[in-house]
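Visitor: return atomic coordinates for the entry below.
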Amino acid sequence: MRLTPKFTTTEELNAYRHALARGENPAEESRPGSDSLVMTYQAGGVLYGAAFWGKSARPLWHYRFRTAEQRQENIDRFWSGLAGHQELKAKQAADRKARSSISAVEINGVRCSVHGVKTLEGKHVPAWYMKGTLINGALAITICAKNYGDNLPRELGRIENDTDVQTDYFDKDRVRFLDGTPEYAALLPLAA
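Guide: Next comes the predicted model:
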């Protein structure tokens, strides 16, 4: 197992990265708005390339290539994958922000929010909301307790829990609301 040293300055990190590319014609490429770096070099007539991400001293990949076209194709694939990753992260952050701005919904006095359910007594039960199709083809939103010991409040409706202690099968509380009910329409933003 090779241990990577810890660096206190950016100059030390860059010097370590350049020591990896110990060959002829070293070149590096970075993109604006990205903290990634691709280094290319040639040693003994063989083409090499290495990609670094963030402050990591260890490369994400460090390959040798038969042709310059193969190397450039791999580098282009790396940059496009990185751009796709950044787009996905931005989309996930926007989704999280949109979800956190959803206000709580009240069903039979029980407050349902993004983080879970609050009982009439004020106890918080962590839960998640799933939108899906049942076996019979009906659309439904299911509220599931996140933990085995948490009990959903009975005021929500018919709670299902198929725990069987004799066969060591444990289940979590869940309640379903079918499409067409006012609860389904109210819970739709939470289940998205």
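
Visitor: partner strands of the helix or strand where Ala27 lies, with direction?
Guide: Element membership of Ala27, judged by DSSP states H and E, is strand 24-29. Sheet pairing of strand 24-29 (DSSP bridges) gives strand 36-43 (antiparallel).

Visitor: so which bits of the very next helix or strand once past the strand it pairs with are buried?
Guide: Next along the chain after strand 36-43, taking DSSP H and E as the criterion, comes strand 46-53. Buried residues in strand 46-53, defined by neighbour count with 16 or more other CB atoms under 10 Å: Leu47, Tyr48, Gly49, Ala50, Ala51, Phe52, Trp53. The C-beta positions use only the backbone N, C-alpha and C, and glycine is treated the same way.

Visitor: output the next helix or strand after strand 46-53 as PDB, nothing but the C-alphas.
Guide: Moving toward the C-terminus from strand 46-53, the next helix or strand (DSSP H and E) is strand 61-65. Provided in PDB are the C-alpha atoms of strand 61-65 (Å, rounded to 0.1, in the frame of the first residue of the first chain):
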ATOM      1  CA  TRP A  61      -6.300   7.800 -13.400                       C
ATOM      2  CA  HIS A  62      -2.800   7.500 -14.700                       C
ATOM      3  CA  TYR A  63      -2.600   5.500 -18.000                       C
ATOM      4  CA  ARG A  64      -0.300   4.900 -20.900                       C
ATOM      5  CA  PHE A  65      -1.700   5.100 -24.400                       C
END
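
Visitor: start at 525, not 1
Guide: All right, first residue 525 from here; so that's strand 585-589.

Visitor: neighbouring strands - and their directions - for strand 585-589?
Guide: Applying DSSP bridges to the sheet, strand 585-589 is found paired with strand 570-577 (antiparallel).

Visitor: what's the strand it pairs with in contact with?
Guide: Strand 570-577 has contacts (CB atoms under 8 Å, 6 or more residues apart in numbering) with 541, 544-545, 547, 559-566, 583-592, 595, 598-599, 602, 606.

Visitor: among the buried residues of strand 570-577, find the lowest-pLDDT one for me.
Guide: Among the buried residues of strand 570-577, Trp577 carries the weakest pLDDT, at 84.

Visitor: from Arg595, how far out is it?
Guide: From Trp577 across to Arg595, the span is 18 Å (CB to CB, to the nearest Å).

Visitor: next: Arg682.
Guide: 62 Å.

Visitor: the two: which is more packed in?
Guide: Using other CB atoms under 10 Å, the more surrounded residue of Arg682 and Arg595 is Arg595, with 19 against 8.

Visitor: quick one, what contacts the more buried one?
Guide: Applying CB under 8 Å, 6+ apart to Arg595 gives the contacts Thr564, Leu571, Gly573, Phe589.

Visitor: go on, Glu684?
Guide: So Glu684 contacts Asp697, Arg698, Val699, Arg700 (CB under 8 Å, 6+ apart).
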